[in-house]
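*Asks:* Return a 3D structure for these sequence lines:
(one chain, ligands or ions: 2)
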Amino acid sequence: MSEVKRLTGDEMRFLERFLPPGARSPESGRGALLSGANMAKDEKLPFVTLTYAQSLDGMVAFAPGQRTTISGPATKSMTHFLRYQYDAILVGAGTAVADDPALNCRYPGATLDDQPRPVVVDPNLRFRLADSKMHQLAKEHKGKGPWIITRPKTLDSPMDRSCEIIDWTDRMPEVNDNAVSDGSIFWRSILQALKHKGINSVMIEGGASVIKDLLRLPELIDTIIITMAPTFIGQGGVSIAPRRPPSAEENPSSLGDRSYHQFGKDIVVAGKPYSSRAPLHPSR
Ligand SMILES: NC(=O)C1=CN([C@@H]2O[C@H](COP(=O)(O)OP(=O)(O)OC[C@H]3O[C@@H](n4cnc5c(N)ncnc54)[C@H](OP(=O)(O)O)[C@@H]3O)[C@@H](O)[C@H]2O)C=CC1
Ligand SMILES: Nc1nc(O)c(N)c(N[C@@H]2O[C@H](COP(=O)(O)O)[C@@H](O)[C@H]2O)n1
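*Replies:* Ligands and ions are numbered 1, 2, ... in the order given. Next comes the predicted model:
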């Protein structure tokens, strides 16, 4: 029996305001759209949802590079319902290497057509795609073949922050040891490249560095869905706390239009990020 269960009507209604255009209820067939889905903030970019599971002390893993189950079974089912709604699921190279994730949708009734495209941001090509679970699942027709987002082979300038997308069926380029050491790519370039390849919605699942970066870029993110599990990981865990603003009055990113829902033992908070110059709570 599948470990992933169907969501209840209440759970779907809670999520639908945070889903991309065209979101649908898998139970009701492809045609049945959920109401209240949004348009992307920027029409040149895909609709972007950032989602992850954290402990009460704001950690996403027990130790760097360690795959850690934080969500309970009910929020795991939610993740697969969410994966059903997006054209692509994106993670950073750190997560791909540490977790060897499947990144497919295992929601009951999901077919190959319903599968999202797994995408890994890997500027230094350190994820061994050929040996990965994603690659294996694609060969077994249980998931789509992954794409790797990397730095272009020929760069005019070390300051170039653009990217290229390599399809799993393409020949992987050799790692260029002479490449600039800071391989960071502008997130806007990554999202534009995906949009050019026909991706209209992407769910970004992590890991820690990716989340930290994107919590600082609310202008690129349409919705955020965070699972909070009733557990403490403790010191030494992997935190997603972004760099501190210079003062509490310059809080660059807040969650607006929020909703909360309990899934099993976990609480899910969903909202729409926005830039704010106001303190988290005005001083009394
Ligand atoms: N609880 C949860 O919901 C989740 C937890 N996790 C956990 O998170 C941990 C992994 O996090 P972390 O190690 O921070 O790794 P990440 O998955 O955040 O990957 C970070 C790496 O991805 C590449 N990358 C990311 N953004 C860019 C960019 N804009 N331009 C170029 N390259 C980029 C870089 O690779 P390079 O270093 O080669 O330059 C970077 O170091 C694991 O323990 C995993 O289990 C992961 C997902 C969800
Ligand atoms: N929702 C959620 N809860 C957790 O507790 C997690 N550790 C994660 N991790 C993310 O899910 C990926 C694993 O996916 P598969 O089950 O292998 O398809 C992992 O790589 C993280 O992105 N998520």
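*Asks:* Check which helices and strands the helix or strand bottoming out on mean pLDDT in the chain sits against.
*Replies:* Within the chain, judged by mean pLDDT, DSSP states H and E, the helix or strand with the poorest mean is strand 164-167; its value is a mean of 92. The criterion is 3 or more CB pairs under 8 Å, 6 or more residues apart in numbering; DSSP states H and E, and the helices and strands that strand 164-167 contacts are strand 147-150, helix 187-196. The way it works is simple: take the backbone N, C-alpha and C, and place the C-beta from them, glycine included.
*Asks:* That one: which residues count as buried?
*Replies:* By neighbour count on 16 or more other CB atoms under 10 Å, the buried set for strand 164-167 is 165-166.
*Asks:* Which residues outside that strand are in contact with it?
*Replies:* Counting by CB atoms under 8 Å, 6 or more residues apart in numbering, strand 164-167 makes contact with 119, 145, 147-153, 172-173, 193-194, 197, all of which sit outside it.
*Asks:* Serialize those to a markdown table and add fields for distance to ligand 2, pLDDT and neighbour count.
*Replies:* Below are the contacts of strand 164-167 laid out as a markdown table (distance: CB to the nearest ligand atom, whole Å; pLDDT from 0 to 100; neighbours: other CB atoms under 10 Å):
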| residue | distance to ligand 2 | pLDDT | neighbour count |
| --- | --- | --- | --- |
| 119 | 12 | 98 | 27 |
| 145 | 15 | 96 | 17 |
| 147 | 16 | 97 | 24 |
| 148 | 15 | 96 | 24 |
| 149 | 15 | 96 | 21 |
| 150 | 19 | 93 | 25 |
| 151 | 22 | 86 | 22 |
| 152 | 26 | 79 | 13 |
| 153 | 27 | 69 | 10 |
| 172 | 21 | 82 | 14 |
| 173 | 24 | 78 | 14 |
| 193 | 20 | 95 | 18 |
| 194 | 17 | 97 | 25 |
| 197 | 21 | 96 | 15 |
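*Asks:* export those to a markdown table and tack on distance to residue 232?
*Replies:* Supplementary listing: the contacts of strand 164-167 in a markdown table, determined by distance: CB to CB, whole Å:
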| residue | distance to residue 232 |
| --- | --- |
| 119 | 32 |
| 145 | 39 |
| 147 | 36 |
| 148 | 35 |
| 149 | 34 |
| 150 | 37 |
| 151 | 38 |
| 152 | 43 |
| 153 | 45 |
| 172 | 40 |
| 173 | 43 |
| 193 | 39 |
| 194 | 36 |
| 197 | 41 |
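*Asks:* Now do the contacts for residue 121.
*Replies:* When contacts are counted by CB under 8 Å, 6+ apart, residue 121 touches 90-93, 149, 185, 190, 210.
*Asks:* Any of those residues buried? List them.
*Replies:* Taking 16+ other CB under 10 Å as the criterion, what is buried in the contacts of residue 121 is 90-93, 149, 185, 190, 210.
*Asks:* how far away is the closest residue in space to residue 138 that isn't next to it in sequence from residue 40?
*Replies:* The spatial neighbour of residue 138 that comes closest, neighbours along the chain excluded (CB to CB, 6 or more residues apart in numbering), is residue 145 at 4.0 Å. The spacing between residue 145 and residue 40, counted by CB to CB, to the nearest Å, is 25 Å.
*Asks:* Turn the buried ones among the contacts of residue 121 into TSV, columns for secondary structure.
*Replies:* Compiled in TSV, those are given as follows (DSSP: H, G, I helix; E, B strand; the rest coil):
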residue	secondary structure
90	strand
91	strand
92	strand
93	helix
149	strand
185	coil
190	helix
210	helix
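*Asks:* Ligand 1: which of those residues is nearest?
*Replies:* Proximity of those to ligand 1 was ranked by CB to the nearest ligand atom; the top entry is residue 92 with 2.3 Å.
*Asks:* For that closest one, give me its contacts.
*Replies:* Contact criterion CB under 8 Å, 6+ apart gives 120-122, 206-207, 209-210 as the residues in contact with residue 92.
*Asks:* 7 Å instead, please
*Replies:* With contacts taken as CB atoms under 7 Å, 6 or more residues apart in numbering, residue 92 has the following neighbours: 121, 206-207, 209-210.
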